[in-house]
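1. With the sequence up front, the predicted model follows.
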Amino acid sequence: MKEVTINGVSYLPASALAKQFRYTTDYIGQLCRAKKVDAQLVGRSWYVNPVSLTAHKSAKYTKTNLPEKTIESKDKIEISRINIEPVLAKNTIKATKAAPQNFARRIEWQPAKYEDDGGDLFPVVKREIKPVRVHVGLADSTPVSIKTTAKATDLVAEPLPEVSLKGKLNISSLEEDFDALIEEVFDQDVPQDVDLKPKAIQNSLTKPAYRPVKQHLHDAMPKRTEPAAVVATEAPQVAIKADDVFYRTIKITYALASASLALILVLVLFSESYVRADALSLESGLEFSTTDFSALVSHFLR
């Protein structure tokens, strides 16, 4: 609203009059609150009568001369000074009498002395000096980046060699060719004097061929193994009567099997395997000792 009319009197907002009279809005508000101008509060804004504001501005800087007044007194009044002691209550009198009056005696006045202090009253602040690194290099030098790669080393473990001695034992029996042998016997004429000894019994010990083996620090000593004996037998060609074929065949088979087993046991019991190894070669084999045989015979005789 730009203008408000109340009871036939027009009022303008304080912001518009502030621009007109070159006043601040706060100053006009102070005049309105002090009731130095005719103003009305509408809502939260002041509306001022411009006539009253003009009269206030013109009368503000004028000096009013009031007539001097003199007061004349006919009688002179003399005022006498009278000392009046304070009236103390009974409790106050008792308290003042009971209280000791020695608080002033505790203060001992001494002459002031000025002495030098033992140390500085203000702490001395020392600034910590940090060393500055200075780069030192060759003059007119150009940095060159060099990349190097370390040589990769691959460790491959070799398989452990097999040093154990191995052998094969082949024992052939007459059971495979038993039927063919019976047929041949029945077809032939059996003479009266027959030599029942087998033609040949071949005993041999097999030994693996020597192969050099690279020695390693982590290799253990070779295991001690007993070589096996191989017995190769040939079936005897014998002429037997037809009546005694069955019994003689059983006897021959039993004799051959017993001889083979006895030979194997003798070889195993009285043979000593040895293994000689050094840094460059490896040697193994069997040795036969007569001392072991004599010891075994004496043991059975006991």
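-> Looks like it came in fine.

2. Which helix or which strand is home to Leu263?
-> Using DSSP states H and E, Leu263 maps to helix 245-270.

3. Equivalent analysis for Ala180, please.
-> Counting by DSSP H and E, Ala180 is part of helix 178-187.

4. got the CA positions of that helix in CSV?
-> Provided in CSV are the C-alpha atoms of helix 178-187 (Å, rounded to 0.1, in the frame of the first residue of the first chain):
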residue,chain,number,x,y,z
PHE,A,178,52.1,-134.1,-19.5
ASP,A,179,49.4,-135.2,-22.0
ALA,A,180,51.7,-135.0,-25.0
LEU,A,181,54.3,-137.0,-23.0
ILE,A,182,51.9,-139.8,-22.1
GLU,A,183,50.9,-140.1,-25.8
GLU,A,184,54.5,-140.4,-26.9
VAL,A,185,55.2,-143.0,-24.2
PHE,A,186,52.3,-145.2,-25.2
ASP,A,187,53.4,-145.0,-28.9
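
5. So that it lines up with my notes, have the first residue be 59 from now on.
-> Noted, 59 is the first residue going forward, which turns the last one into helix 236-245.

6. any idea of the angle that helix forms with helix 303-328?
-> 130 degrees (axes from the mean of the first three to the mean of the last three CA atoms, to 10 degrees).

7. Which neighbouring elements make contact with helix 236-245?
-> The contact analysis (3 or more CB pairs under 8 Å, 6 or more residues apart in numbering; DSSP states H and E) places helix 236-245 against helix 303-328. All C-beta spots, glycine's among them, are computed from the backbone N, C-alpha and C.

8. State the mean pLDDT of the helix it packs on.
-> If you average the pLDDT over helix 303-328, you get 80.

9. Below-threshold pLDDT in the stretch 159-308 of the chain: ranges please.
-> Residue ranges of the stretch 159-308 of the chain with pLDDT under 70: 159-165, 222-223, 231-236, 246-303.

10. run the last query once more with 80
-> The model of the stretch 159-308 of the chain has pLDDT under 80 over residues 159-167, 175-179, 195-198, 219-305.

11. element containing Leu75, please.
-> Using DSSP H and E, Leu75 falls within helix 72-79.

12. Which helix or strand contains Gln98?
-> Per DSSP H and E, Gln98 falls inside strand 97-100.

13. Counting by contacts, list what that strand packs against.
-> Using 3+ CB pairs under 8 Å, 6+ apart as the contact test, the elements touching strand 97-100 are strand 62-64, helix 83-91, strand 103-106.
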